[in-house]
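S.K.: Sharing a sequence plus its predicted fold:
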Amino acid sequence: MQRRKAIVIGSGVAGLASAVRLTVQGFETIVFERNSYAGGKLSLLEKDGFRFDAGPSLFTQPQNIERLFHDAGEDIHDYFHYESVPLSCRYFYDDGKVLDAATDAHVFDEALQTVMGEEKGALLHYLSKSEQLYQSIGTVFLNHSLHKRRTWLQPSIIKALKSVRFPYLFSTLHQYNKKHFSNPQTVQLFNRFATYNGSNPYQTPGMMSLIPHLELNEGTFYPKGGMISITNALYALAVKKGVRFYLNQPVDSIIHHQGRVKGIVAGTDNYFADVVVSNADVYFTYQQLLRDESKARKVLKQERSCSGVIFYWGMNKEFPQLHLHNIFFSGNYEAEFASIFQRKQLFHDPTVYVNITSKMEAEQAPAGKENWFVLINAPANTKQNWEQLKEELKQRVVQKLSTVLNEDVSAAIESEETLDPVTIESRTGSYLGALYGTSSNSKMAAFMRHPNFQSHIRGLYFCGGSVHPGGGIPLCFKSAEIVSNLVAQDFKRS
């Protein structure tokens with residue numbers, strides 16, 4: 001019997017995971033990738049002896065990748081290793097406060113008492129509610145398609161809906177956090193978790209308070225070799241399972257006829273398949289691959305997520321006061337988000353994230369030096385002059401870091417590369433450089449994300465950060481699993 005065929009467009013985390021799962025289901029699977037490398041945003045930059053994870057830098061919920069290898073019948077330890085990190089992040093404030101967010105909740109709770117003056121147990125209470133919210137609602141909504149009738153008939157969904165409380169939907173994350181912590185700087189810390197899906201804490205609902213559970217209750221981890229090792233492991237697994245890759249091969253269009261997908265056009269050739277999974281940005285899929293301007297415009301009715309400007313700095317010295325993950329907060333967080341989302345401008349006093357993998361593995365940088373991944377939240381691209389903005393931003397960031405660290409940061413930069421919303425879009429296809437597709441700045445955002453399937457074109461599916469359940473590595477793994485379950489159900493019926 002001839003094997004059914006599947007085509008995956010794009011080799012980001014969700015595309016790679018989807019390809020593996022479809023192959024395990026018995027499909028002959030081909031992945032088309034327009035870049036010369038797999039991984040999408042999860043790629044590697046090497047320059048002047050420094051190694052940088054080019055995109056995502058935080059690794060949580062390793063059970064997602066472990067489950068993929070288990071389902072594929074492979075021992076993950078043959079491909080991938082990671083370790084827990086006891087300090088999730090080190091926070092720096094303009095007034096000189098330095099706060100270590102330990103993944104041991106009791107240790108972190110004590111630090112909040114000592115540094116921030118919070119009541120004993122305030123953190124424990126917050127994280128307990130965060131865990132309850134994730135277990136009762138998050139696991140259901142993040143692991144299933146919200147756009148299938150059978151999902152809503154499950155007893156677990158009905159139970160989850162009953163557990164939804166007023167503050168989770170009708171309070172913003174900021175309002176929710178203010179009720180749990182007394183110090184505005186602590187509130188600012190927990191507001192930060194809205195950025196994990198590119199959203200504004202002063203608009204996104206309190207439901208987002210489930211995010212800290214992933215990092216502070218379940219733990220923060222470091223993959224040996226850096227985040228690129230996730231891509232390398234997934235690619236090696238896919239090849240082992242028989243997935244074929246066509247790199248440097250952009251897809252020109254998706255073929256469909258009479259409500260059924262038929263395959264894709266790439267270059268001068270047609271490739272036919274029973275299933276097509278687009279890991280490309282959903283707007284790009286409709287606008288470029290399906291030539292459906294009406295549905296493309298509908299996607300754009302939802303607000304874009306934030307983007308980012310990244311400086312990859314090779315530093316000629318070590319900074320012992322820094323850790324793997326570091327945050328230097330803005331003095332006015334609310335004004336920063338208003339600037340990004342309302343005025344579409346970089347803020348004059350930005351929050352700065354610095355990731356240094358050489359803190360975990362010295363070989364990530366030359367001896368005695370460090371590799372700094374410096375991320376600043378930015379608006380999506382609306383034709384700003386990014387070259388000029390990056391120069392101005394660099395000066396502000398250097399000044400901010402130098403003041404807080406009491407060191408001349410500029411003098412330590414010996415190597416530099418940058419990434420901005422324009423280059424993010426050109427390399428990854430993320431429309432306007434929005435890192436997470438759409439934001440979650442509304443009460444119904446979770447339900448408005450594009451489904452993982454196209455109801456009018458059977459056999460066409462979507463995965464990745466621009467569709468349900470959202471952006472970030474854990475959710476990309478979940479979207480791949482949702483797609484594979486949908487495919488299994490659809491083909492079982494047929």
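M.R.: Here it is on my side, so go on.

S.K.: CA only for contacts and neighbour counts going forward, please
M.R.: Will do.

S.K.: Spell out the residue ranges of the helices in the stretch 151-300 of the chain.
M.R.: 155-162, 166-170, 173-178, 184-191, 211-212, 228-241, 282-284, 293-299 (DSSP state H, counting those that start in this stretch).

S.K.: For the host helix or strand of residue 101, name the packing helices and strands.
M.R.: Residue 101 belongs to strand 98-102 when assigned by DSSP states H and E. Contacts defined by 3 or more CA pairs under 8 Å, 6 or more residues apart in numbering; DSSP states H and E place strand 98-102 against strand 87-92, helix 105-111.

S.K.: how big is the angle separating that strand from strand 87-92?
M.R.: Calculated by axes from the mean of the first three to the mean of the last three CA atoms, to 10 degrees, strand 98-102 forms an angle of 170 degrees with strand 87-92.

S.K.: still on that earlier bit, looking at the helices and strands packed on strand 98-102, which is closest to residue 4?
M.R.: Residue 4 sits nearest to strand 87-92 of all the helices and strands packed on strand 98-102, at 44.2 Å, using CA to CA.

S.K.: Which SSE is immediately downstream of the one helix or strand residue 125 maps to?
M.R.: Applying DSSP H and E as the criterion places residue 125 in helix 122-133. Of the helices and strands lying after helix 122-133 in sequence (DSSP H and E), the nearest is helix 139-143.

S.K.: Show me where the stretch 301-450 of the chain dips below the pLDDT cut-off.
M.R.: Applying pLDDT under 70 to the stretch 301-450 of the chain flags the ranges 443-447.

S.K.: Next: the stretch 151-300 of the chain.
M.R.: Residue ranges of the stretch 151-300 of the chain with pLDDT under 70: 152-154, 156-169.

S.K.: Next, count neighbours for residue 115.
M.R.: 13 (other CA atoms under 10 Å).

S.K.: Tell me which residues touch it, please.
M.R.: For residue 115, the contacting residues are 97, 98, 99, by CA atoms under 8 Å, 6 or more residues apart in numbering.

S.K.: Which of these sits closest to residue 118?
M.R.: Within these, the smallest distance to residue 118 is 12.6 Å, found for residue 99 (CA to CA).

S.K.: Contacts made by the helix holding residue 125 with the rest, please.
M.R.: If you take CA under 8 Å, 6+ apart as the criterion, helix 122-133 is touched by 105-106, 108-109, 112, 180-181, 207, 209-213, 216-217.

S.K.: swap in stretch 279-295?
M.R.: Stretch 279-295 has contacts (CA under 8 Å, 6+ apart) with 8-12, 14-15, 251-255, 278, 296, 299-300, 429-431, 437, 450, 462-467.

S.K.: rewinding a little: buried ones from the contacts of residue 115, can you make that a ChimeraX selection?
M.R.: Burial among the contacts of residue 115 is assessed by 16 or more other CA atoms under 10 Å; the matching ChimeraX selection reads:
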select :98,99
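
S.K.: Now pLDDT too, for the contacts of residue 115, in CSV please.
M.R.: Converted to CSV, these look like this (pLDDT from 0 to 100):
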residue, pLDDT
97, 98
98, 98
99, 98
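
S.K.: Make a markdown table out of the contacts of residue 115 and add distance to residue 394.
M.R.: What follows is the contacts of residue 115, written out as a markdown table (distance: CA to CA, whole Å):
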| residue | distance to residue 394 |
| --- | --- |
| 97 | 23 |
| 98 | 23 |
| 99 | 25 |
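
S.K.: quick revisit: out of the helices of the stretch 151-300 of the chain, which one sits most buried?
M.R.: helix 282-284 (a mean of 23; mean count of other CA atoms under 10 Å).

S.K.: tell me the pLDDT at residue 133?
M.R.: Note on residue 133: pLDDT of 89.

S.K.: Need phi/psi at the residue nearest to residue 479 when sequence neighbours are not counted.
M.R.: Using CA to CA, 6 or more residues apart in numbering and skipping the chain neighbours, the partner closest in space to residue 479 is residue 463 (5.3 Å). Backbone torsions of residue 463, given as degrees, to the nearest 10, read phi -140, psi 170.

S.K.: ok, now how distant is residue 463 from residue 451?
M.R.: Residue 463 sits 9 Å away from residue 451, going by CA to CA, to the nearest Å.

S.K.: Also residue 342?
M.R.: Distance from residue 342 to residue 451, counting by CA to CA: 27 Å.

S.K.: Can you pick out the residue with more neighbours from those two?
M.R.: Legend: neighbour count by other CA under 10 Å for residue 342 and residue 451, higher for residue 451 (22 against 11).

S.K.: Test my guess that residue 303 contacts residue 439.
M.R.: Yes. Contact status for residue 303 versus residue 439: in contact at 5.8 Å, counting by CA atoms under 8 Å.

S.K.: More neighbours: which of those two?
M.R.: Shown here are residue 303 and residue 439; by other CA under 10 Å, residue 439 has more neighbours (27 against 17).

S.K.: Report how many residues lie close to the closest residue to the more buried one other than its chain neighbours.
M.R.: Leaving aside its sequence neighbours, residue 439 sits nearest to residue 305 (CA to CA, 6+ apart; 4.0 Å). Residues lying near residue 305 (other CA under 10 Å) number 27.

S.K.: what sits against residue 305?
M.R.: 197, 198, 199, 379, 380, 434, 435, 436, 437, 438, 439, 440.

S.K.: cutoff 6 Å now
M.R.: Going by CA atoms under 6 Å, 6 or more residues apart in numbering, residue 305 touches 198, 199, 434, 436, 437, 438, 439.

S.K.: Considering those residues, which possesses the most neighbours?
M.R.: Sorting the contacts of residue 305 by how many neighbours each has (other CA under 10 Å) puts residue 437 first, at 31 neighbours.

S.K.: Could you tell me how far the residue nearest to residue 79 when sequence neighbours are not counted is located from residue 428?
M.R.: Excluding the flanking residues, the one nearest residue 79 by CA to CA, 6+ apart is residue 233, at 5.3 Å. Here residue 233 is placed at a distance of 20 Å from residue 428 (CA to CA).
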